[in-house]
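Peer 1: Quick check, what structure comes out for this input:
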Amino acid sequence: MAGGFFAQFFSGTAKVDVDRRFERLHESISGTMSSFHKAKDKTTGGVVGLKILDPGKLEPIESRYKGLGKPGEGEIGAKITGPNIVKTLEWGTTKNGRPFVVQEFVEGTLLHSLLSAKKPLPPAKRLDLVRQAAAAIATVHKAGFVHRDICPRNFILRPDGRLILIDFGLTVPDKPVFLQPGNRIGTPNYMAPEVVRRKQADKRIDVFSFGVTAYEICTLDLPWPRGTSGSAAMTHDSPPVPIRDHWPEVPEPLANAIMACLDAEPARRPDSLDRFLGLIAKLTG
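Peer 2: Sure, this is the predicted structure:
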């Protein structure tokens, strides 16, 4: 059943023998629902990122939207373009019925790894990364989608300083039917309270997750106690630790804007990432 479902769902190309076409250059990185390979495309000679999805793990999520015309991850990625967004090059189904996505290969360091090293960033770098992350998510929203899994693991910092949003595995169109209560999707430490409460969601869940990410960029800590399961998100209804407790010299407009993103009530958050960027527009490094 899974093969038939995904043969229709991932219809960007005919079935592809990925083992014949791509030379895998290093061991795969296993994610929750996929494996990712740095690979050489033998048809072009270019180095790409090859993402192969696990139908058994993906189908329970995607089947919720059956009949609604939801595009697949490759089609979504191809519609989201900008300087802080990974380029989606191709998508389709492998010969053995597994969905795949081909992206540009982004050299660099995962933002999660950078922050986990616990080496404080210069204030100007903190501001720059916060702005770039906000710009990336604003691009997703302007393309008509909600990301649903904004967190440092889904950003790569290139050697030239550009921050790239790299994953659209949980992204859905920005329409109420795709954001109905009951779908507890995302990374618990960055999950908006309304997702945990199983309430109707909208793009402001990304604003909240961005707020947690921005707070972490600035402080190397989280606004609530860190956890490893869904229970970690249960604390996000309570007031967060003020950002000044970790960074007393944080510029007031930046502190206020980040803390506003963390409000438990969506209506009190900035209504867009462009609005957030406007709140900190006058800040300099």
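Peer 1: Quick one: the strands in the stretch 1-150 of the chain, in order.
Peer 2: Taking DSSP state E, counting those that start in this stretch as the test, the strands found in the stretch 1-150 of the chain are 22-24, 29-30, 34-41, 47-53, 88-93, 99-104, 109-110, 145-146.
Peer 1: With mean neighbour count and mean pLDDT as added columns, please give those in JSON lines.
Peer 2: Yep, even glycine has a C-beta here, placed from its N, CA and C like the rest. Shown next, in JSON lines, are those (neighbours: other CB atoms under 10 Å; pLDDT from 0 to 100):
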{"stretch": "strand 22-24", "mean neighbour count": "16", "mean pLDDT": "94"}
{"stretch": "strand 29-30", "mean neighbour count": "11", "mean pLDDT": "66"}
{"stretch": "strand 34-41", "mean neighbour count": "19", "mean pLDDT": "92"}
{"stretch": "strand 47-53", "mean neighbour count": "21", "mean pLDDT": "94"}
{"stretch": "strand 88-93", "mean neighbour count": "21", "mean pLDDT": "94"}
{"stretch": "strand 99-104", "mean neighbour count": "24", "mean pLDDT": "95"}
{"stretch": "strand 109-110", "mean neighbour count": "14", "mean pLDDT": "96"}
{"stretch": "strand 145-146", "mean neighbour count": "23", "mean pLDDT": "98"}
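Peer 1: Of all these, which one comes closest to Arg226?
Peer 2: strand 109-110 (17.1 Å; CB to CB).
Peer 1: ok so, going back, please identify which of the strands of the stretch 1-150 of the chain is closest to Glu73.
Peer 2: That would be strand 99-104 among the strands of the stretch 1-150 of the chain, by CB to CB, at 5.6 Å.
Peer 1: now the strands of the stretch 1-150 of the chain in CSV, with distance to Lys118?
Peer 2: Putting the strands of the stretch 1-150 of the chain into CSV (distance: least, CB to CB, whole Å) gives the following:
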stretch, distance to Lys118
strand 22-24, 33
strand 29-30, 23
strand 34-41, 26
strand 47-53, 28
strand 88-93, 33
strand 99-104, 30
strand 109-110, 14
strand 145-146, 31
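Peer 1: Show me the helices in the stretch 101-250 of the chain, by range?
Peer 2: Under the criterion DSSP state H, counting those that start in this stretch, the stretch 101-250 of the chain contains helices at 111-116, 123-142, 193-196, 204-219.
Peer 1: so of those helices, which one's packed in deepest?
Peer 2: helix 204-219 (a mean of 25; mean count of other CB atoms under 10 Å).
Peer 1: quick one: whichever helix or strand comes after that one to helix 123-142, angle?
Peer 2: Going down the chain from helix 204-219, the next helix or strand is helix 252-261, by DSSP states H and E. With axes from the mean of the first three to the mean of the last three CA atoms, to 10 degrees defining the directions, helix 252-261 sits at 40 degrees from helix 123-142.
Peer 1: how much space between the nearest residue to Ile29 once chain neighbours are set aside and Lys70?
Peer 2: Once flanking residues are discounted, Ile29 sits nearest to Phe36: 4.6 Å by CB to CB, 6 or more residues apart in numbering. Per CB to CB, to the nearest Å, Phe36 is found 22 Å from Lys70.
Peer 1: so which of the helices of the stretch 101-250 of the chain gets nearest Thr235?
Peer 2: Nearest of the helices of the stretch 101-250 of the chain (CB to CB): helix 193-196, 9.3 Å.
Peer 1: elements contacting that closest one?
Peer 2: Here helix 193-196 touches helix 204-219, going by 3 or more CB pairs under 8 Å, 6 or more residues apart in numbering; DSSP states H and E.
Peer 1: Need the helices of the stretch 101-250 of the chain in CSV (columns: distance to Val172 and mean pLDDT).
Peer 2: Formatted as CSV, the helices of the stretch 101-250 of the chain follow (distance: least, CB to CB, whole Å; pLDDT from 0 to 100):
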stretch, distance to Val172, mean pLDDT
helix 111-116, 23, 97
helix 123-142, 11, 98
helix 193-196, 13, 90
helix 204-219, 11, 98
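Peer 1: Out of those, which gets nearest to Pro181?
Peer 2: helix 193-196 (8.5 Å).
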